[in-house]
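>>> would you be able to build a 3D model of this:
(chains A and B)
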Amino acid sequence: MAALTPIFRTPVTFYVPVVAAAGAFAGLFIGTAQGSGLLGIVAGAALLAVLALAATRLLDNERAVRWGIVVLFTIGGFLIGSTPGLILGLAFGWFFGWFIYWTYEGRYRAKLPPYLTPGQVLWHFTFRVICGAILVFLITPILVVMPLSFNAEDFFTFTPEMLRLDPEGYSLKHYKDFFTNDDWQQALRNSVMIAPVATLLSVSFGTLAAIGLSSEHVPFRRAIMAILISPMIVPLIISAAGMYFFYSRIGLQGTYFGVVLAHAALGIPFVIITVTATLVGFDRSLTRAAANMGADPVTTFFRVQMPLILPGVISGGLFAFITSFDEVVVVLFVGSAGQKTLPWQMFTGLREQISPTILAVATILVAISICLLTVVEMLRRRSERLRGMSPG
Amino acid sequence: MKIKSLAALAASTALLAPMAMAADMADSMTLVSWGGAYQKSQVNAYSEPYMAMHPDVEVVWDESSAEAVAKLRAMNEAGNVTWDLVDVVAADAIRLCDEGLAMEYDPDDLLAAAPDGTSAGDDFGDLIVSDCFIPQIVYSTAFGYRTDLVGDTPPDDICDVFDLETYPGKRSLEKRPINNMEWALLCDGVAKDEVYDVLATPEGQEKALAKLGTIKDSVIWWSAGADTPQLLADGEIVMGSTYNGRLFSVIEEQKQPVAMLWDAQVFDLDGWIIPAGLPADRLARVKDFVMFATDTQRLADQAKYISYGPARASSAPLVGKHADLGIDMAPHMPTDPNNAKNTFLYNYEFWADYRDDIDAKFQAWLAQ
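Residues are numbered from 1 along each chain as shown, chains lettered A, B, ... in the order given. You can find the predicted model right below:
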């Protein structure tokens, strides 16, 4: 793909405004942090325009100029914001050094097909910037939580010590609290005891339901399907209130088994939907072939059908697990204090005492989720590769 | 098999015979409270000593006091009351009592007398504001301010909250009319003893909302007691109202640059109610616990962990030093004479009559 298109240096009227615009955008953030957004925009634009002109007109050695810009920005950043400013300056300096030559030399065109119009080129990069911005928008709230969880104070605040990257401002005390506090440990135990059992129930019932509902001779398939996936559509609070009164009458309210059943009911729709979707691609003649060779339906299911729909079952199970693990509304109704799960504990913790222990727990949960998803995805790829369903 | 179990039964009966009373009591109870430092003070002062005396009793804490009224209603409707003792503010206790969801009790029968022999009814005095309410603490809603954001003249008057010129910046107020309306009228020139007369009239309510309107753009409304401490620690607000115990924790335990503005603090009561209709064994256990947990020494002990005043007159002289910090707790009590120069007492009768009406007006005003 390298150098698909011949590249040319761009005119001053192109690269200087583009670099200045990028400088203005960066200046907006720096300026806002320093007190005046407008001043930041103007200063950023002016600084970058001058830099771009100087780098391209006065000096010739690209490598030296880019190092110069990095050093300049690093020193500037250090003067404005000491250590964190230094790191930011380093990043900004590297980026702008690269960006000036990228636009000036016309390198942005190199890997694109030669027939694209300027408008298409612009859209190509705008699209990528938008995608990046959406990613940042989605992930920032999660990322902000992580450094805050190492806070040495008992508040959700970036203290001056933390911003100075002073080790004094950081501590592991909220993690220690999570691992030593009985309330949190009890909640963790409850969550770990409830979620897997609820998942197992959801997966068993959901898979059976999906297989049954996908065979043509079942009457009222659509109506049954609608009823089974209704817990996903009905507002959670309504299901929760209904379950509360129903479970109270039959003595399940406030019991471990009651919470497991309620969570299984919430998880079943996810399993049904994913397994039904997988079954669409399942060739029914395989079951007939198996029957022809003398396998009974149970053997057929475990030896032929199940391995083929396994990806759907696993992802449905994963959703069911996360539903149970994250669920707070239903457990507040159906459970009693003895079944307090992690989300419940986090909920009361947030309402009654804004304690960073919640952030520590959130960070741990995020790490676990990432590991879990990575493992599942790797297993899935491995099984696909083994069965020759995907290349590589 | 049968003989074996009979023998076991006989053995256990023999063991339990000296504790015949205890055998009639349930061996677990669910206590409902507010979570946080307050619940911790109750665990330290009440339930841990109690469990030390009764190792076979299991105590489960549920942090649901904020929605206690709604949950008790639902439990009652479902015929499945799982709570044994519920910590609520006095206003909620009055509502629950009126609805028949809380048990009425006789103070002299249920609660221990003071060490000097004063009956419990006299020791708690007027604080027993409802036939179902077992008082524990006197707390107050007061203001805290950032010492580093108010310049050289720290606020010492409730009306400084409404003074945007001297104290520019955000302030936090509770997202409900109670307390805010009283403060607004007081700072709009209404005499203290006429506040509730004025607030009873539609014009008076308009007047209070108009006064609040002068700072509305600078107000962050809170709904959880932990909000104001967080906002103060962030420096997001200059001053804000919350429960005095929360402010004590910010100032003394977290060492934040915050100080108290006690002027026109509003006293309120918090205490236990026993849900109506408990089975006999659970009721016996709860009665035993309440007798212990509300005696003079236990109430005084609680003040070691949090700066709320004990509800018994006989506990006040026993209030000592903070359990961890070792500082004298008396000057941090809302009832300390230096702090209580100008105070309100939550007006239960007035708010019982006018709450729905004024709530609706307040919420409509907020949404404007």
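>>> how close does the residue lying closest to B:Asn44 once chain neighbours are set aside get to A:Arg107?
Leaving aside its sequence neighbours, B:Asn44 sits nearest to B:Tyr305 (Cβ to Cβ, 6 or more residues apart in numbering or on different chains; 5.3 Å). For the C-beta atoms, the positions are set from N, CA and C on the backbone; glycine is no exception. Separation of B:Tyr305 from A:Arg107 (Cβ to Cβ, to the nearest Å): 66 Å.
>>> between the two, which is the more surrounded one?
B:Tyr305 (20 against 14; other Cβ atoms under 10 Å in any protein chain shown).
>>> ok, that one - contacts?
B:37, B:40-41, B:44-45, B:322-323 (Cβ atoms under 8 Å, 6 or more residues apart in numbering or on different chains).
>>> a markdown table for these, including neighbour count?
Formatted as a markdown table, those follow (neighbours: other Cβ atoms under 10 Å in any protein chain shown):
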| residue | neighbour count |
| --- | --- |
| B:Ala37 | 19 |
| B:Lys40 | 15 |
| B:Ser41 | 22 |
| B:Asn44 | 16 |
| B:Ala45 | 24 |
| B:His322 | 18 |
| B:Ala323 | 15 |
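>>> that older thread, helix or strand: which one has the residue nearest to B:Asn44?
Using DSSP states H and E, B:Tyr305 is not contained in any helix or strand.
>>> and the stretch 51-200 of chain A, which of its residues are near chain B?
Residues of the stretch 51-200 of chain A lying close to chain B by Cβ under 8 Å from any Cβ of the partner chain are A:153-157.
>>> which one of those residues is nearest chain B?
A:Phe155 (4.0 Å; Cβ to the nearest Cβ).
>>> who's in contact with that closest one?
Applying Cβ under 8 Å, 6+ apart to A:Phe155 gives the contacts A:354, A:356, B:229-230, B:233-234, B:254.
>>> as JSON lines, these with pLDDT would be great.
Listed next are the contacts of A:Phe155 as JSON lines, based on pLDDT from 0 to 100:
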{"residue": "A:Ile354", "pLDDT": "76"}
{"residue": "A:Pro356", "pLDDT": "84"}
{"residue": "B:Pro229", "pLDDT": "90"}
{"residue": "B:Gln230", "pLDDT": "90"}
{"residue": "B:Ala233", "pLDDT": "89"}
{"residue": "B:Asp234", "pLDDT": "87"}
{"residue": "B:Gln254", "pLDDT": "85"}
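>>> I'd like those as CSV, with secondary structure appended.
CSV is the format used below for the contacts of A:Phe155 (DSSP: H, G, I helix; E, B strand; the rest coil):
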residue, secondary structure
A:Ile354, coil
A:Pro356, coil
B:Pro229, helix
B:Gln230, helix
B:Ala233, helix
B:Asp234, helix
B:Gln254, coil
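>>> quick check, nearest of these to B:Glu165?
B:Asp234 (23.4 Å; Cβ to Cβ).
>>> surely the closest one touches A:Thr157?
Yes - in this structure B:Asp234 lies within contact range of A:Thr157 using Cβ atoms under 8 Å: 4.9 Å.
>>> for these two, indicate the residue with more neighbours.
Between B:Asp234 and A:Thr157, A:Thr157 has the larger neighbour count (other Cβ under 10 Å), namely 19 against 15.
>>> on that earlier part again, how about the contacts of A:Phe155 in a markdown table, adding distance to B:Asp126?
As requested, those are exported to a markdown table (distance: Cβ to Cβ, whole Å):
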| residue | distance to B:Asp126 |
| --- | --- |
| A:Ile354 | 35 |
| A:Pro356 | 41 |
| B:Pro229 | 31 |
| B:Gln230 | 35 |
| B:Ala233 | 37 |
| B:Asp234 | 39 |
| B:Gln254 | 35 |
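>>> buried among the residues you listed? Make that a PyMOL selection.
Written as a PyMOL command, the selection of buried residues from the contacts of A:Phe155, which uses 16 or more other Cβ atoms under 10 Å in any protein chain shown, is:
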select buried, (chain A and resi 354+356) or (chain B and resi 229+230+233)
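>>> near chain A, which residues of the stretch 251-368 of chain B are found?
Within the stretch 251-368 of chain B, the positions adjacent to chain A are B:Gln254 by Cβ under 8 Å from any Cβ.
>>> now do the strands in the stretch 251-368 of chain B.
B:258-273, B:309-310, B:343-345 (DSSP state E, counting those that start in this stretch).
>>> buried stuff in the last one?
Put plainly, it is strand B:343-345. The neighbour-count check on strand B:343-345 (16+ other Cβ under 10 Å) flags B:343-344 as buried.
>>> against B:Arg312, how distant is the residue nearest to B:Asn44?
Taking Cβ to Cβ, one finds B:Tyr305 at 17 Å from B:Arg312.
>>> any chance you could map the helices in the stretch 1-150 of chain A?
Assigned by DSSP state H, counting those that start in this stretch, the stretch 1-150 of chain A shows helices spanning A:12-34, A:37-53, A:62-104, A:118-148.
>>> let me see the mean pLDDT of the second one.
Helix A:37-53 comes out with an average pLDDT of 88.
>>> other SSEs contacting it?
Contacts defined by 3 or more Cβ pairs under 8 Å, 6 or more residues apart in numbering or on different chains; DSSP states H and E place helix A:37-53 against helix A:12-34, helix A:62-104.
>>> before we move on, what about the third one?
In this structure, helix A:62-104 makes packing contacts with helix A:12-34, helix A:37-53, judged by 3+ Cβ pairs under 8 Å, 6+ apart.
>>> so B:Asp270 touches B:Ser140, yeah?
No - counting by Cβ under 8 Å, B:Asp270 does not reach B:Ser140; the two are 10.9 Å apart.
>>> of the two, give the one with the bigger neighbour count.
For B:Asp270 versus B:Ser140, neighbours defined as other Cβ under 10 Å are more numerous around B:Ser140 (27 against 23).
>>> contacts only, for that one.
B:243-244, B:265-268, B:334, B:343.
>>> could you check how far the closest residue to chain A within the stretch 151-300 of chain B is from B:Gly240?
For the stretch 151-300 of chain B, the residue closest to chain A is B:Ala233, as judged by Cβ to the nearest Cβ, at 4.0 Å. According to Cβ to Cβ, B:Ala233 stands 11 Å off from B:Gly240.
>>> got it, and A:Phe25?
36 Å.
>>> again with A:Thr363
29 Å.
>>> likewise A:Ile211?
59 Å.
>>> higher neighbour count, those two?
B:Gly240 (28 against 18).
>>> what helix or strand is the more buried one located in?
Per DSSP H and E: strand B:239-243 holds B:Gly240.
>>> and the residue in the stretch 151-300 of chain A that chain B sits nearest to, its phi and psi?
Closest approach between the stretch 151-300 of chain A and chain B, counting by Cβ to the nearest Cβ: A:Ser248, at 3.5 Å. Dihedral angles of A:Ser248 (phi, psi; degrees, to the nearest 10) stand at phi -60, psi -40.
>>> show the backbone phi and psi for the residue nearest to it when sequence neighbours are not counted.
Once flanking residues are discounted, A:Ser248 sits nearest to B:Ala78: 3.5 Å by Cβ to Cβ, 6+ apart. When read as degrees, to the nearest 10, the backbone of B:Ala78 gives phi -80, psi 0.
>>> output the below-cut-off pLDDT ranges for the chain.
Here I'm looking at chain A. Applying pLDDT under 70 to chain A flags residues A:1-4, A:387-392.
>>> ah, I was thinking of chain B
Where chain B drops to pLDDT under 70, the residues are B:1-23.
>>> show me the residue at the heart of it, geometrically.
Among the residues of chain B, the one closest to the centroid is B:Asp270, at 3.4 Å (Cα atoms, centre = their mean).
>>> relative to B:Ala233, how far out is that one?
24 Å.
>>> try A:Pro141
Distance of A:Pro141 to B:Ala233, given as Cβ to Cβ: 20 Å.
>>> skip the chain neighbours and tell me the closest residue to B:Ala90.
B:Leu269 (4.1 Å).
>>> one more: A:Ser82?
Closest residue to A:Ser82 apart from its sequence neighbours, by Cβ to Cβ, 6+ apart: A:Arg164 at 6.2 Å.
>>> surely that neighbour meets A:Pro84?
Yes - with contacts counted by Cβ under 8 Å, A:Arg164 reaches A:Pro84, the gap being 7.1 Å.
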